[in-house]
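# turn this into a structure:
(one chain, ligands or ions: 1)
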Amino acid sequence: MDRPSVSIVMGSNSDWGVMQHAANVLKNFCIPHETLIISAHRTPDRMFGYAETARARGIKCIIAGAGGAAHLPGMIAAKTILPVLGVPVTSKHLQGVDSLLSIVQMPKGVPVATFAIGDVGATNAALYAIAILATEDASLAEKLNQFRKEQAATVTSMTLPEA
Ligand code: RP5
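Numbers count the residues shown, from 1 in each chain. I've put the predicted structure just below:
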């Protein structure tokens with residue numbers, strides 16, 4: 001098994017329903033990745049240890065998903081210079097708007113790239129991670145181009161019902 005280049009981290013196993021979409025995209029592109037559960041408020045020491053060592057372990061970017069007061073992506077970003085891609089997980093009471101605002105409103109100086117709430121955000125975060133890796137990997141760039149072409153073809157072959 002190759003060393004993971006992308007790390008997917010989430011605050012709880014209850015986030016997996018959303019975050020599995022990121023893992024599936026990486027799997028389809030054959031990107032070696034890891035999936036971890038680390039909670040910012042319940043396992044803060046583990047979170048700091050993880051963030052401080054991720055770069056030295058060969059990780060190139062981190063996809064971090066959390067719900068509610070979603071401080072996991074921001075706090076990981078505070079402890080690493082790796083790109084952190086934040087996924088707002090859909091929450092029970094506020095449908096993920098709380099997660100979105102928690103992640104997107106990072107104060108100046110420590111950025112977190114923020115994606116859409118839920119499955120779509122998880123999928124796009126993985127595609128963005130692939131785009132980052134593709135800047136230094138020509139065959140991966142070719143795969144990403146091919147994916148875009150196939151996606152375009154599904155749109156050009158779309159039809160509408162007769163009026
Ligand atoms: C956050 O709290 C997690 O990211 C999750 O979205 C939310 C609820 O966690 P559980 O109570 O389901 O473990 O830390």
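# got the end-to-end distance for stretch 51-62?
End-to-end distance for stretch 51-62, by CA to CA, to the nearest Å: 9 Å.
# in it, what counts as buried?
51, 54, 59-62 (16 or more other CB atoms under 10 Å). Quick note: C-beta positions are derived from backbone N, CA and C, even for glycine.
# and the two most separated of those residues?
51 and 60 (14.3 Å; CB to CB).
# residue 54 and residue 62 touch, don't they?
Yes - applying CB atoms under 8 Å, one finds residue 54 in contact with residue 62, separated by 6.2 Å.
# got any residues that touch both of these two?
Common neighbours of residue 54 and residue 62, using CB atoms under 8 Å, 6 or more residues apart in numbering, are 7, 80, 82.
# pull the number of nearby residues for residue 94.
For residue 94, the count of nearby residues is 13 (other CB atoms under 10 Å).
# look up how far the ligand lies from it.
Distance check for residue 94 against the ligand: by CB to the nearest ligand atom, to the nearest Å, it reads 11 Å.
# so who does that residue touch?
residue 68.
# contacts for the helix or strand encompassing residue 140?
Here residue 140 is covered by helix 138-156, with elements defined by DSSP states H and E. Helix 138-156 is contacted by residues 29, 31, 127, 130-131, 133-135 when judged by CB under 8 Å, 6+ apart.
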